[in-house]
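Asks: Have a look at this prediction, sequence included:
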Amino acid sequence: MKCFLAIIMLLVPVSGFSGLSHENAVDREIFSEGLQVSAKLLSKNSQSVGGGALLKFLKWMDGSNKVVKDMSMQLVFSEPITAKGGGSEKDLCAKMLTRSEGFKSELSKKLLYLVVASRLDPGNVKGKKMLEAMKDMSYDLSLRSLLKQAARPRMVDLAKIAAESAESDRLNAIEEKKSKANYKDEGKLPKAEVEKLLDLIKYKNFSCSEASIFDAVNRLTHKLYWRGVQFTVSGKRLSYIKTSVAPNEAIFYFGPLWQPKSEEFSMKDKTIREILAHMKLKLDLEYTVKDGEVAIHDGELKGVSDVPEDGLVSSDLRVAMKGHDIKTTKKYRGKVVKMNGIVTGVGTHNHDTIYLSLDGGLTRLHISYLNLNSAVFKRLKKRVEAWKKSGGMKKYREAARDADDADTEIRREDLVSPNMYIVFQATCKGMDRDRLVFEDPSFAYIDAKDEFITKEKKSKVK
């Protein structure tokens, strides 16, 4: 059979014959450089662990690519791979580690990038620590499993997108000229016209966070004030320090908080309407459109206010929910509630979530691995396992049965260590197979030690 030659140039096409490319720019760089590095490693040693893992990863990224197909066939038929160009394993590893940080809610994809990066550069510390923590929690880190679980990168037609963006910019420029020509200093822009502008004006890039909301509002004002629209803010959550009036009488706000990049939400090619909708979803901020004004204000609080300082007792709420008490169900289901309970078991809910079993298994709290403080979780798990081994679960269930028969309350302090008592704030999902389920905790901590099981160490909200 004639030998296939994988000629890897400095600029390698990343999409085979489809005309498609990876939507994310960093993924495009990783794929292009990955072709060079994989060919280099496999040309030296067809059994290269890093080269083989990288080729499988590239096939996962884009299995239709001709170079990937040719190299895969060469390995199957034990044919030599010839590489032109270089590429650095360490540089590619660094890019993959950086890219993995963007997968906030896709644990399988995050771990896939980390595993492949670590095989390219086993000495990197950053990825090694994360993988060790996942391994300690019995997570499956096999490349085959992760390649099956992780969602493939999105492919797009970049040429088509560029043409559409250019056309959109051209139309926006025409509309801006029309708006500027028709704008009059006297009077306010009618509400109907303000509504149109919210759907017309688009930002190529826009970012905001709870701390930097005033920067975002000021950008919106700067964009629309000359057209006759002022953005205003009000409410207890939007605590600005001062306002400043520009020479053209536009009002700008200045807040007290620094801007944490890790908490920032970034948006691309979004209209102002879409940006305001995003603020409502992520920051609980509503907006009202008026003549010449868009008023941004507090949204409706999702939490339940009449809750004790240390939270509701999880077993008590479960009894009420199990009894199909309509008033209680409406009040708490789907709401963020502060709770407390005894951890009597731990387990894996799915591939990216663990659960804490509370009060003998009648209540569960689901926590994503991404929001889990692994060191604290491991200590808690050991305490629970030791408690069970000493017969603690049997004693607890017997005490619970006796308490039901006598219509009395269980004395927790007589049954479990204070180190198994937790307080958390999470969304109440309601009953599921006779269990009361909570998920997405904003915080969860061991009360006796004040140790946070979740990563975000938020204050103990009353």
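Replies: Perfect, thanks for sending it.
Asks: got the residue ranges for the helices in the stretch 301-450 of the chain?
Replies: Per DSSP state H, counting those that start in this stretch, the stretch 301-450 of the chain has helices spanning 314-322, 326-332, 374-389, 392-406, 412-415. These are given in chain order.
Asks: now the fourth one against helix 314-322, angle please.
Replies: This means helix 392-406. 60 degrees (axes from the mean of the first three to the mean of the last three Cα atoms, to 10 degrees).
Asks: tell me which residues of helix 392-406 are tucked away?
Replies: 392-393, 396, 399-400 (16 or more other Cβ atoms under 10 Å). No exception for glycine: its C-beta is placed from N, CA and C like everyone else's.
Asks: Out of the helices of the stretch 301-450 of the chain, indicate the one that is most buried.
Replies: helix 314-322 (a mean of 18; mean count of other Cβ atoms under 10 Å).
Asks: Can you give me the domain assignment for this protein?
Replies: As given by automatic domain parsing, the domain ranges for the chain are 21-156, 169-298, 312-452.
Asks: quick one: the first one to chain centroid distance?
Replies: Put plainly, it is domain 21-156. 22 Å (Cα atoms, centre = their mean, to the nearest Å).
Asks: First residue to last residue on that domain, what's the distance there?
Replies: 5 Å (Cα to Cα, to the nearest Å).
Asks: Over to stretch 205-222?
Replies: 15 Å.
Asks: Repeat that for stretch 443-453.
Replies: 8 Å.
Asks: Can you give me the buried ones in it?
Replies: 443-447, 451-453.
Asks: picking that back up, figure out which of the helices of the stretch 301-450 of the chain is closest to residue 256.
Replies: Across these, residue 256 has its closest neighbour in helix 374-389 (31.4 Å, Cβ to Cβ).
Asks: helices or strands next to the closest one in the packing?
Replies: On a contact count with 3 or more Cβ pairs under 8 Å, 6 or more residues apart in numbering; DSSP states H and E, helix 374-389 meets helix 125-136, strand 336-350, strand 451-452.
Asks: Could you identify which of those is most buried?
Replies: strand 336-350 (a mean of 19).
Asks: now the angle from it to helix 374-389?
Replies: Going by the same axes, to 10 degrees, strand 336-350 makes 80 degrees with helix 374-389.
Asks: can I assume residue 358 is in contact with residue 312?
Replies: No. Applying Cβ atoms under 8 Å, one finds residue 358 not in contact with residue 312, separated by 12.0 Å.
Asks: If you count surrounding residues, which of the two has more?
Replies: Set residue 358 next to residue 312 and count neighbours by other Cβ atoms under 10 Å: residue 358 wins out with 26 against 19.
Asks: ok, for the more buried one, nearest residue in space, not its chain neighbours?
Replies: Closest residue in space to residue 358, ignoring its immediate chain neighbours: residue 341 at 3.7 Å, by Cβ to Cβ, 6 or more residues apart in numbering.
Asks: re the thing from before, and of the helices of the stretch 301-450 of the chain, who's closest to residue 247?
Replies: Of these, nearest to residue 247 by Cβ to Cβ is helix 326-332, at 51.9 Å.
Asks: Put the alpha carbons of the closest one into PDB.
Replies: C-alpha atoms of helix 326-332 as PDB (Å, rounded to 0.1, in the frame of the first residue of the first chain):
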ATOM      1  CA  ILE A 326     -50.100  22.900  49.000                       C
ATOM      2  CA  LYS A 327     -49.300  26.100  50.900                       C
ATOM      3  CA  THR A 328     -45.800  24.900  51.900                       C
ATOM      4  CA  THR A 329     -45.100  23.400  48.500                       C
ATOM      5  CA  LYS A 330     -45.900  26.700  46.700                       C
ATOM      6  CA  LYS A 331     -43.900  28.700  49.200                       C
ATOM      7  CA  TYR A 332     -40.700  26.700  49.000                       C
END
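Asks: got the contact list for that helix?
Replies: 304, 317, 320-321, 428, 430 (Cβ atoms under 8 Å, 6 or more residues apart in numbering).
Asks: one more time with 6 Å
Replies: Residues outside helix 326-332 that contact it (Cβ atoms under 6 Å, 6 or more residues apart in numbering) are 320, 428.
Asks: do the same with stretch 114-122
Replies: 49-50, 53, 57, 89-90, 93, 96-97, 100, 127, 130-131, 141, 143.
Asks: let's see it at 8 Å
Replies: With contacts defined as Cβ under 8 Å, 6+ apart, stretch 114-122 is touched by 37, 49-50, 53-54, 57, 89-90, 92-93, 96-97, 100, 124, 127-128, 130-131, 141, 143, 146.
Asks: What remains of those if I keep only buried residues?
Replies: Buried among the contacts of stretch 114-122 (16+ other Cβ under 10 Å): 37, 50, 53-54, 57, 89, 92-93, 96-97, 100, 124, 127, 130-131, 141, 143, 146.
Asks: low pLDDT regions in the stretch 1-150 of the chain?
Replies: Along the stretch 1-150 of the chain, segments meeting pLDDT under 70 span 1-19, 84-85.
Asks: quick one, helices of it?
Replies: 25-44, 49-61, 66-76, 89-100, 107-120, 125-136, 143-149.
Asks: right, and those helices - which one's nearest residue 291?
Replies: It is, among those and with distance given as Cβ to Cβ, helix 25-44, at 41.7 Å.
Asks: ok so, going back, nearest to residue 226, out of the helices of the stretch 301-450 of the chain?
Replies: helix 326-332 (47.5 Å).
Asks: Right, I'll leave it there.
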